[in-house]
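Undergrad: here is a sequence with its predicted model. Questions after.
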Amino acid sequence: MSVASSGTSPLSMSVILSVTKDEWRYWMRSKLALSVLVIGVLLTLGSVIVTSIQMIELNHQRQSLQNNAEDTFVDQPDRHPHRMVHYGHYAFRLPSPLSMLDPGVDAYTGNSIFLEGHRQNSAMFAEQRQGTALTKLGSLSPSFIVQMLAPLLLVLIGYSTVSRERESQTLSFILGQGTSVGSLLMGKALALFFIVSLIMAPLIVSSVFALYQGESIAIVISFLLGYMLYLIVWALVILAISSVFSKNSESFTSLIFLWVLLCIALPRIASTTAATIAPTPGKLETDFAVIAELRKLGDGHNANDPAFDKLKASLLKQYNVDSIDQLPINFRGAVARNSEAELTQVLNQFAEKSMTKELEQTLLARHFGWLSPMVAIRSLSMINAGTSIETHHRFLRETEALRFDFVQALNTVHVEQLDYQIDINRSNDEASSKKARVSAENWQVLKDFKFEIDSPSTRLSRSTSSYLQLLIWIVFLSLIIKTIGRRLQ
């Protein structure tokens with residue numbers, strides 16, 4: 001390697017650029033480095049294209065399914081109103097513009113919910129739940145490639161950045177020409193940063209498309225900046241390790257160990273630790289606890305259940321009558337409406353406890369971003385993309401509000417538009433059953449549902465700690481490299 005001796009100042013821009021050019025010439029001559037670079041860029045670009053097409057199709061598909069679900073509900077014929085409570089309705093979550101780059105928790109939590117009376121269902125059709133065991137290791141989304149594979153590609157390209165100069169004993173010659181260690185390391189770092197910019201190129205192109213889809217420019221900049229900082233962290237890790245060791249084999253082995261530790265081991269340790277510190281009850285345990293609480297409320301399908309004696313007495317007093325037959329409203333409908341309100345309150349309490357535990361686990365795991373940049377960028381990426389656990393929880397809350405509103409609207413129809421005597425006799429024969437139906441005009445109770453991701457300001461505020469973690473990593477590594485540089489001098 002030859003470096004011009006002009007500009008012997010501690011940091012000479014001409015020397016830095018000369019070192020950068022020499023590093024690139026070495027990589028271009030190396031078939032391995034060139035192949036890895038091409039594979040990395042093409043893999044990221046291909047993933048962006050495929051995932052973008054999938055997200056566009058999902059957007060149209062879910063919007064169509066949402067419209068069909070609403071049309072199917074309102075097009076139902078005359079029925080008993082409680083039949084419509086059980087007929088139910090679907091709510092779909094449209095993918096956010098940046099979900100084409102990072103699907104986040106959506107791939108595991110599901111994107112649609114069946115809404116019906118008397119129960120809260122879980123989200124369905126999660127991609128990873130329907131996938132094979134291999135897909136659960138991580139789909140080749142752009143975020144997975146840049147978070148997991150891009151650091152490995154950088155290692156394969158840059159592991160010998162400084163160590164080969166020491167192994168071939170050309171480092172002393174370069175420094176003897178008047179090149180400062182600072183200029184040498186800056187030149188090597190700049191060469192790695194150019195690799196980072198090439199890996200970022202497909203993300204930048206796809207982010208422009210996200211802007212076209214309606215994403216905020218502040219969020220797009222934040223998203224790209226986060227990934228840029230993450231890859232810079234890895235470039236500095238590679239430069240530091242390559243400067244420490246005098247043999248390429250030692251540098252390569254150490255970097256592979258760090259990659260396994262920071263990108264595979266620590267993220268798993270983070271999730272396991274969070275689950276241990278803030279454990280959540282199992283599904284069976286929760287289901288039994290819910291059933292036990294609901295039994296205390298009485299059976300909403302049985303108007304004679306003693307649990308509704310207080311409601312009965314209250315209505316008789318309110319309307320100043322002696323029996324439920326004399327009530328101007330349908331007592332069975334009133335029982336159904338009252339029962340649904342109490343049941344929903346219990347279900348919401350359990351749901352909030354579950355979501356609180358999930359969020360607690362997530363926040364605990366995010367603290368591991370101080371130990372692993374992979375954890376930091378994963379959190380930052382999902383938050384900015386609108387695919388984090390916080391956004392999923394808001395989807396659950398909004399769909400539950402939609403469920404409760406349309407169920408109670410149907411119960412109100414049951415109360416006000418169906419005679420009590422006709423209702424209790426509806427099972428006598430076919431004629432009585434038909435008589436206990438109400439007009440299909442009453443099915444116009446659904447509110448337009450279109451889930452919107454969190455506002456840009458909310459997402460930016462949530463990602464602050466992840467940014468701080470990445471910046472601390474950069475400062476820490478820069479100090480280490482500066483210390484190593486003094487030793488090399």
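TA: Ah, there it is.
Undergrad: please enumerate the helices of the stretch 51-200 of the chain.
TA: Along the stretch 51-200 of the chain, the segments classed as helices by DSSP state H, counting those that start in this stretch run 81-87, 106-109, 127-130, 142-144, 150-158, 163-167, 171-176, 181-212.
Undergrad: and the contacts of the shortest one?
TA: Helix 142-144 is contacted from outside by 44, 47-48, 51, 100-104, 138, 202-203, 206, 378, 381, 385, using Cβ atoms under 8 Å, 6 or more residues apart in numbering. C-beta: built from backbone N, CA, C; applies to glycine.
Undergrad: any idea how far it is from the chain center?
TA: How far helix 142-144 lies from its chain's middle: 12 Å, per Cα atoms, centre = their mean, to the nearest Å.
Undergrad: residues touching the closest residue to Thr412 other than its chain neighbours, list them.
TA: The shortest distance from Thr412 to any non-neighbouring residue, by Cβ to Cβ, 6 or more residues apart in numbering, is to Arg337 (6.5 Å). Arg337 is in contact with Gln408, Asn411, Thr412, His414, Val415, counting by Cβ under 8 Å, 6+ apart.
Undergrad: what residues sit buried inside the host helix or strand of Arg337?
TA: For Arg337, the host element (DSSP states H and E) is helix 331-366. Buried residues in helix 331-366, counting neighbours by 16 or more other Cβ atoms under 10 Å, are found at 331-340, 343-344, 347, 350-351, 354-355, 358, 361-362, 364-366.
Undergrad: now for Trp473, how many residues are close by?
TA: 23 (other Cβ atoms under 10 Å).
Undergrad: find the helix or strand that it is a member of.
TA: helix 464-488.
Undergrad: in that helix, what's buried?
TA: Buried residues in helix 464-488, counted by 16+ other Cβ under 10 Å: 465-467, 469-470, 473-474, 477, 480-481, 484-485, 488.
Undergrad: what's it in contact with?
TA: With Cβ under 8 Å, 6+ apart, helix 464-488 has contacts from 171, 175, 181-182, 185, 189, 226, 229-230, 232-233, 236-237, 239-240, 243-244, 366, 369-370, 373, 376-377, 379-380, 383.
Undergrad: shaky segments in this protein?
TA: Counting by pLDDT under 70, the chain shows low-confidence ranges at 1-11, 123-139.
Undergrad: just say helix, strand or coil for the residue of it most remote from its centre.
TA: Outermost residue of the chain with respect to the C-alpha centroid, by Cα atoms, centre = their mean, is Asp322; its distance is 57.0 Å. Assigned by DSSP: H, G, I helix; E, B strand; the rest coil, the conformation of Asp322 is coil.
Undergrad: contact partners for it?
TA: Leu316.
Undergrad: Ser99 too?
TA: Contacts of Ser99 by Cβ under 8 Å, 6+ apart are Met55, Asp106, Ala385, Gly386, Thr387.
Undergrad: what separation do you get for the first one and Ile383?
TA: Translated: Met55. 18 Å (Cβ to Cβ, to the nearest Å).
Undergrad: circling back to that earlier point, what angle separates the helix holding Trp473 from helix 181-212?
TA: 160 degrees (axes from the mean of the first three to the mean of the last three Cα atoms, to 10 degrees).
Undergrad: following the helix holding Arg337, which helix or strand comes up?
TA: helix 373-385.
Undergrad: quick one: list the elements packing against that following helix.
TA: helix 142-144, helix 217-244, helix 266-277, helix 331-366, helix 456-462, helix 464-488 (3 or more Cβ pairs under 8 Å, 6 or more residues apart in numbering; DSSP states H and E).
Undergrad: buried ones in the helix or strand just after it, by neighbour count?
TA: As assigned by DSSP H and E, the chain's next helix or strand after helix 373-385 is helix 389-417. Using 16+ other Cβ under 10 Å as the test for burial, helix 389-417 gives 389-396, 398-400, 402-404, 406-415.
Undergrad: quick check, distance from the very next helix or strand once past helix 389-417 to the centre of its chain.
TA: Under the assignment DSSP H and E, the closest C-terminal helix or strand after helix 389-417 is helix 420-424. Between the centre of helix 420-424 and the centre of its host chain there is 49 Å, according to Cα atoms, centre = their mean.
Undergrad: with stretch 228-243 instead?
TA: With Cα atoms, centre = their mean, you get 26 Å for stretch 228-243.
Undergrad: who's in contact with it?
TA: In contact with stretch 228-243 (Cβ under 8 Å, 6+ apart) are residues 146-147, 150-151, 154-155, 158-163, 185, 188-189, 192-193, 195-196, 199-200, 251, 254-255, 258, 373, 376-377, 467, 470-471, 473-474, 477-478, 480-481, 484-485, 488.
Undergrad: what do you get for stretch 283-301?
TA: Contacts for stretch 283-301 (Cβ under 8 Å, 6+ apart): 118, 281, 305-308, 335-336, 338-340, 342-343, 346-347, 350, 354.
Undergrad: if you set the cut-off to 10 Å instead, what comes out?
TA: Here stretch 283-301 makes contact (Cβ atoms under 10 Å, 6 or more residues apart in numbering) with 82, 85, 117-120, 122, 280-282, 304-309, 311, 332, 335-343, 345-347, 349-351, 353-354, 411.
Undergrad: for Thr253, give me its contacts.
TA: Tyr159, Ile241, Phe245, Lys247.
Undergrad: any chance of JSON lines for the residues you listed, columns neighbour count and distance to Arg62?
TA: As requested, the contacts of Thr253 are exported to JSON lines (neighbours: other Cβ atoms under 10 Å; distance: Cβ to Cβ, whole Å):
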{"residue": "Tyr159", "neighbour count": "24", "distance to Arg62": "44"}
{"residue": "Ile241", "neighbour count": "25", "distance to Arg62": "46"}
{"residue": "Phe245", "neighbour count": "20", "distance to Arg62": "52"}
{"residue": "Lys247", "neighbour count": "13", "distance to Arg62": "55"}
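Undergrad: between the residues you listed, which is nearest Thr272?
TA: Ile241 (26.9 Å; Cβ to Cβ).
Undergrad: mind checking how far the closest one is from Asn59?
TA: For Ile241 relative to Asn59 (Cβ to Cβ), the value is 43 Å.
Undergrad: cool, Thr72 as well?
TA: Taking Cβ to Cβ, one finds Thr72 at 20 Å from Asn59.
Undergrad: when these two are compared, which one has more neighbours?
TA: A count of neighbours by other Cβ under 10 Å puts Asn59 above the other of Thr72 and Asn59, at 17 against 12.
Undergrad: so the more buried one sits against Pro95, correct?
TA: Yes - counting by Cβ atoms under 10 Å, Asn59 touches Pro95, with 5.7 Å between them.
Undergrad: identify the residues contacting the closest residue to Leu224 other than its chain neighbours.
TA: Setting aside the residues directly before and after it, Leu224 is nearest to Ser207 in space (Cβ to Cβ, 6+ apart), at 5.7 Å. Ser207 sits next to 48, 97-98, 100-101, 200, 215, 217, 219-221, 223-224, 227 when contact means Cβ under 10 Å, 6+ apart.
Undergrad: let's go with 7 Å and repeat that
TA: Contact partners of Ser207, counting by Cβ atoms under 7 Å, 6 or more residues apart in numbering, are Val220, Phe223, Leu224.
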